[in-house]
Structures are given as structure tokens and as C-alpha cells.
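Trainee: quick one: sequence plus predicted model below, questions after.
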Amino acid sequence: QVQLVESGGGLVQPGGSLRLSCAASGSILSINVMGWYRQTPGKQREFVARIISGGSTNYEDTVKGRFTISRDGANSTVYLQMNSMKPEDTAVYYCYAELVPLGGGGRQYLYWGQGTQVTVSS
């Protein structure tokens, strides 16, 4: 069974920083993409950033230059470093992974974490 467990959310003042972490565990053959979405009440979940297994990254336009996504050496944990935060960054942040589980016939599946609240307020 595959799990994604997030940590690092909380309250931060405008202009401050937070780092989110998401650790993948379980019977995993390979992880192709890890990333983050966020969601505010009444709105659809929106893409924030992703990192592909080769190391390339993509960001939503409003976070470019402020957020940095990275993965650890074993590639099972993804981080989102959030700097120069703004009130509009307030949301529940969800980690996701596109991965191939062991015993899954070689197929790729999409997994989600449980979400972590990030609040930017003075």
C-alpha cells in the first residue's frame, strides 16, 4: 500500500517562509512525478509545482521565483520551499505522486496526500 504523508504547514506572516515536505512510502517500484496542488474553499484544486524524475520542474505562474520544489537523493520525499509568501497563498496544499507500485502490472497510478493547511496572515 502506498502512502503520501505531508508535513510543514502552519501560520506564517506575509513575506515569511514555510517548507512543506511529502514522504512517499510503501511498495513502490518507481516514482515519475511528485508535486503540489492547493485548494481554497469553493474553488477547484489548482496546480502549484511539480518535479519530474529527471529533475526538471514546472511552476504555476504566480509562484515562480518565490517557491522552489525539490526531491531528496532517494527521490521519495518532495519539498516545497515557499518564500515571500502572500495572503493569496493561503490554502490547503496537497502533495501528489505519479508512480508505479509494486505488483501493479507496471502501470502508473496517481496518489494524493491528505493535505496540509497553510495560512498567510498578519
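Mentor: Structure's in. What do you need? Here the structure is a predicted model, which is why all the values come from computation and not from measurement.
Trainee: double-check that P14 belongs to a strand.
Mentor: No. P14 is assigned coil when assessed by DSSP: H, G, I helix; E, B strand; the rest coil, not a strand.
Trainee: mean confidence for stretch 83-91?
Mentor: Stretch 83-91 shows a mean pLDDT of 98.
Trainee: from the chain's centroid, how far away is it?
Mentor: Centre-to-centre, stretch 83-91 and its host chain are 15 Å apart (CA atoms, centre = their mean, to the nearest Å).
Trainee: across the sheet, point out what pairs with the closest residue to F67 other than its chain neighbours.
Mentor: Spatially, and ignoring its direct neighbours in sequence, F67 is nearest to M82 (5.1 Å; CB to CB, 6 or more residues apart in numbering). The C-beta positions use only the backbone N, C-alpha and C, and glycine is treated the same way. For M82, the beta-bridge partners are L18, F67 (DSSP bridges).
Trainee: so M82 is in contact with P14, correct?
Mentor: No. Assessed by CB atoms under 8 Å, M82 is found out of contact with P14, at 12.0 Å.
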